[in-house]
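Undergrad: sequence and predicted structure are below.
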Amino acid sequence: MQRIKINDIFDPALIGKEVSVMGWVRTRRGNKHVQFVALNDGSTIRNLQIVFDLEKFSEADLKLITTGSSIHVIGSLVESQGKGQSVEVQADKLHVFGAADPEEYPLQKKGHTLEFLREKAHLRPRTNTFGAVLRVRSALAFAVHKFFQERGFFYLNTPLITASDCEGAGAMFQVTTMDLNNLPRLEDGKVDFSADFFGKPTALTVSGQLEGELGATALGAIYTFGPTFRAENSNTPRHLAEFWMIEPEVAFFDITDNMDLAEDFIKYCVRYALDHCKDDLEFLQQMYDKDLINRLEESIKESFVRLTYTEGVEILKNSGKKFEFPVEWGTDLQSEHERFLVEEHFKRPVILTDYPKEIKAFYMKLNEDGKTVRAMDVLFPQIGEIIGGSEREADYEKLLGRINELDIPMKDMWWYLDTRKFGTVPHSGFGLGFERLVLFVTGMTNIRDVIPFPRTPNNAEF
């Protein structure tokens, strides 16, 4: 008999029919006449109530049904007489796949802190909270692909192992096959990387953007969606050492086109979650963020505010608010500044543009003033920066000038410069940290709680 997922069991057409269900036991309660088991198979936030009549089942039959055990039940789906559920299964047959010793299984019925559950990351997807978060994450990942595919973008897989540092920050995880206890060295004492697997220093990528630009200048419009790595010693609720990035890159796009794409994209993803994850969002709202659904609706209802970095700095300086980090023109904005603009001043998402060139990457197009670049950051409530992007410098001489100005080794960038020598075009793109989007949509407050197995300083468990 074919199994029916619990997400599909609430179909009224199934009432009165024999069904086969499988899952993990959340709770068991009852008396000497009847036992009630809450069963969940991960397909939905909703549990299915299984009713065991003790005239059909002995206590010995049911002794292995404890919280965390996995079972298979065949029985009749009927309308429920009790509160809390519309249907239930009157059990006729039971098979226990795997028991869970109540003395050892850590996820008992009592509530658990998120900190405790991070220590049990191998089991936390079985909880209501993480089941909901991971289903929303899956839906958002599908929405990402759907958005770009519907608009004629091509999905490009850029390398995870690279010799180029896109961000120029140097916070990269090195990749090597050499014996770290016996490194080959040159006469000057430096490591001889010619003996390594790739014959030169390599690292895990911080971004697929540079290779994405190569794709855009051939295919027109591409997007990447894959893991990226930052070796920053940041123990904050907003940083991970391993996270997923979405990076569209489009030929013949200027900064305005780029802003339009970013706004359309993020609105599409939020709307998709609202339309397809109703049960999970309602649960997360009830448990963690009482204003979650309203805030999601509000964030996509109106056009995003667009203003320059210079205008933003003036608003911050004239606000009368005392910030932990003082604001002056030329300083990089902190999360507290970004959130003030979004949450207190404008009360809706903001796109900041035209940042000082000194605080942005080498590849961004220089404005006519010679001081600012065509950068854009999308700022969101609760999060701060959720998207960062720019129009790219398309002029060979200007890009070469910036590379020399910042002492970026030319031997690593020749292939990137070639796109400016052979049929250069205006082009733009942006990056969105997927976990920050999931953080915003779920209402969770720590980025470690929106990825199955977080990688952070001193933590590479599971």
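TA: Perfect, thanks for sending it.
Undergrad: only C-alpha atoms for contact and neighbour calcs from this point on.
TA: Noted.
Undergrad: what comes up buried for the worst-scoring helix or strand of the chain on mean pLDDT?
TA: In the chain, no helix or strand scores lower on mean pLDDT, DSSP states H and E than helix 59-62, which sits at a mean of 90. Residues Leu62 are the ones in helix 59-62 that count as buried (16 or more other CA atoms under 10 Å).
Undergrad: now it, how far from the centre of its chain.
TA: In this view, helix 59-62 has its centroid 44 Å away from the chain centroid, taken as CA atoms, centre = their mean, to the nearest Å.
Undergrad: what do you get for stretch 447-460?
TA: That offset, for stretch 447-460, works out to 12 Å (CA atoms, centre = their mean).
Undergrad: any idea how far apart the tips of that stretch sit?
TA: 15 Å (CA to CA, to the nearest Å).
Undergrad: for that stretch, buried residues please.
TA: For stretch 447-460, by 16+ other CA under 10 Å, it's 447-456.
Undergrad: stretch 76-87 too?
TA: 76-79, 87.
Undergrad: what do you get for stretch 127-135?
TA: Buried residues in stretch 127-135, counted by 16+ other CA under 10 Å: 127-135.
Undergrad: and the strands in the stretch 151-300 of the chain, which stretches?
TA: Using DSSP state E, counting those that start in this stretch, the strands of the stretch 151-300 of the chain run over residues 154-155, 161-162, 174-175, 202-204, 221-229, 242-251.
Undergrad: between these, which one is closest to Phe380.
TA: strand 242-251 (16.8 Å; CA to CA).
Undergrad: tell me the strands beside the closest one, with direction?
TA: Using DSSP bridges, the strands paired with strand 242-251 are strand 221-229 (antiparallel), strand 427-433 (antiparallel).
Undergrad: so for Ala141, which of the ones you listed sits nearest?
TA: Nearest to Ala141 among the strands paired with strand 242-251 is strand 221-229; the distance by CA to CA comes to 8.9 Å.
Undergrad: just the mean pLDDT for that closest one, thanks.
TA: Averaged across strand 221-229, pLDDT comes to 97.
Undergrad: contacts for it?
TA: Strand 221-229 has contacts (CA atoms under 8 Å, 6 or more residues apart in numbering) with 148, 152-158, 160, 172-173, 204-208, 212, 215-216, 241-251.
Undergrad: now, of those residues, which are buried?
TA: 148, 153-156, 158, 172-173, 204-208, 212, 215-216, 241-251.
Undergrad: quick one on the thing from earlier: which ones among the buried residues of stretch 76-87 lie within strands?
TA: 76-79, 87 (DSSP state E).
Undergrad: can you lay out those as CSV showing distance to Asp395 and pLDDT?
TA: As requested, these are exported to CSV (distance: CA to CA, whole Å; pLDDT from 0 to 100):
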residue, distance to Asp395, pLDDT
Ser76, 71, 97
Leu77, 68, 97
Val78, 70, 96
Glu79, 69, 94
Val87, 66, 95
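Undergrad: let's have those residues in a markdown table, adding distance to Gly423.
TA: Shown next, in a markdown table, are those (distance: CA to CA, whole Å):
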| residue | distance to Gly423 |
| --- | --- |
| Ser76 | 68 |
| Leu77 | 66 |
| Val78 | 68 |
| Glu79 | 68 |
| Val87 | 64 |
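Undergrad: list just the nearest of the residues you listed to Gly401.
TA: Nearest to Gly401 among those, counting by CA to CA, is Val87 at 69.3 Å.
Undergrad: tell me the contacts of Ile266?
TA: If you count contacts by CA under 8 Å, 6+ apart, Ile266 has none.
Undergrad: are we agreed that Leu134 is in a strand?
TA: No - secondary structure of Leu134 (DSSP: H, G, I helix; E, B strand; the rest coil): helix, not part of a strand.
Undergrad: what score does it have for pLDDT?
TA: Note on Leu134: pLDDT of 98.
Undergrad: now for Ile4, how many residues are close by?
TA: Residues lying near Ile4 (other CA atoms under 10 Å) number 12.
Undergrad: thought it was touching Gly23?
TA: No - at 10.5 Å, Ile4 does not count as touching Gly23 under the criterion of CA atoms under 8 Å.
Undergrad: report the distance from stretch 12-27 to the chain centre.
TA: 32 Å.
Undergrad: er, stretch 395-410 I mean
TA: So, by CA atoms, centre = their mean, the centroid of stretch 395-410 is 33 Å from its chain's centroid.
Undergrad: with stretch 221-233 instead?
TA: For stretch 221-233, the distance to the chain centre is 11 Å (CA atoms, centre = their mean).
Undergrad: so what's Leu219 closest to, chain neighbours aside?
TA: Spatially, and ignoring its direct neighbours in sequence, Leu219 is nearest to Phe154 (7.5 Å; CA to CA, 6 or more residues apart in numbering).
Undergrad: bridged to that neighbour, which residues?
TA: Counting by DSSP bridges, Phe154 forms beta bridges with Ile222.
Undergrad: hmm, it is touching Ala218, no?
TA: No - counting by CA under 8 Å, Phe154 stays clear of Ala218, with 10.8 Å between them.
Undergrad: roughly how far does the closest residue to Arg448 other than its chain neighbours sit from Pro237?
TA: Excluding its sequence neighbours, the residue lying closest to Arg448 (CA to CA, 6+ apart) is Pro454, at 5.4 Å. As defined by CA to CA, Pro454 lies at a distance of 11 Å from Pro237.
Undergrad: overlap in contacts of the two?
TA: By CA under 8 Å, 6+ apart, Pro454 and Pro237 have these common neighbours: Arg448.
Undergrad: quick revisit: just the buried residues of stretch 447-460 now: which is nearest Leu406?
TA: Nearest to Leu406 among the buried residues of stretch 447-460, counting by CA to CA, is Thr456 at 29.3 Å.
Undergrad: so what's the closest one up against?
TA: Applying CA under 8 Å, 6+ apart, the residues near Thr456 are 234-235, 239-242.
Undergrad: ok, and the closest non-adjacent residue to the residue lying farthest from the centre of the chain?
TA: Distance from the C-alpha centroid of the chain peaks at Glu55, with 49.4 Å (CA atoms, centre = their mean). Once flanking residues are discounted, Glu55 sits nearest to His33: 7.4 Å by CA to CA, 6+ apart.
Undergrad: distance of the nearest residue to Ala100 once chain neighbours are set aside relative to Glu119?
TA: Leaving aside its chain neighbours, Ala100 sits nearest to Ser69 (4.8 Å; criterion: CA to CA, 6+ apart). Distance of Ser69 to Glu119, computed by CA to CA: 21 Å.
Undergrad: so between those two, which is more surrounded?
TA: Ser69 (21 against 12).
Undergrad: for the more buried one, what are its contacts?
TA: 24-25, 96-100.
Undergrad: any residues in contact with both of Ile4 and Gly23?
TA: Here Ile4 and Gly23 have no joint contacts, going by CA under 8 Å, 6+ apart.
Undergrad: pLDDT at Tyr288, what is it?
TA: Per the predicted model, pLDDT is 95 at Tyr288.
Undergrad: repeat that for Cys166.
TA: Here, the pLDDT recorded for Cys166 equals 61.
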